[in-house]
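**Q** fold the following.
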Amino acid sequence: MNQHSGSRFIQTMAGIVLLLAGPVVASAAPPIKADSMGLSKSSVFSVPEPKAYDYPATQPGASKVLPRAYKDAPPQVPHSIDEFQPITAQMNMCAACHGQPALWGQKLEKGTPTPIPPSHYTDLRNAPGKVTQNLIGARYNCNQCHVPQTNAPALVKNTF
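**A** Numbers count the residues shown, from 1 in each chain. Got it, this is the predicted structure:
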């Protein structure tokens, strides 16, 4: 048997082994059902209609501060933000009320807006120890991290 025919023999045998083993490997685990793949437990081929949830109609200062979802989570907004949209760098009604550095560290009376923290006035990349007089970078985009509360249930159990 020359070297070329030995190589061909090995290739042929490998092919036979793969052909015989393929169905065994493929049938080792049962297929996942289409309605067991996602959080919604409906078919991945259906187009679900999301349920509408209500946001608060409360005016600023009328709600209590909400508990954090987990340690160091951004606080939720306990009032309606409909009147304050869109939030831009030039027009930010959140900062108009909450931009009060003089209130840092003070006990707040009911109805007093929670001040934007020093971390939002600190450029953590270029000057991590310096607190400035202006919001840094994209920190004006408040609802990127802070969301209004809603009556929506949690999608999954929170284990934090």
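**Q** contacts, neighbours, all on C-alpha from now
**A** Fine.
**Q** does residue 41 really touch residue 48, like I thought?
**A** No: assessed by Cα atoms under 8 Å, residue 41 is found out of contact with residue 48, at 10.9 Å.
**Q** how about residues contacting stretch 151-160?
**A** 39, 53-55, 70-71 (Cα atoms under 8 Å, 6 or more residues apart in numbering).
**Q** who wins for neighbours among these?
**A** Within the contacts of stretch 151-160, most neighbours by other Cα atoms under 10 Å means residue 55, with 17 neighbours.
**Q** on the three-state scheme, residue 126 is what?
**A** coil (DSSP: H, G, I helix; E, B strand; the rest coil).
**Q** my guess is residue 115 contacts residue 101, does it?
**A** Yes: between residue 115 and residue 101 there is a contact at 6.4 Å, judged by Cα under 8 Å.
**Q** need the pLDDT of residue 5.
**A** Looking at residue 5, its pLDDT reads 64.
**Q** wait, I meant residue 1
**A** pLDDT for residue 1: 54.
**Q** residue 97 now?
**A** Looking at residue 97, its pLDDT is 92.
**Q** can you report phi and psi for it?
**A** The phi/psi pair for residue 97 (degrees, to the nearest 10) reads phi -100, psi -40.
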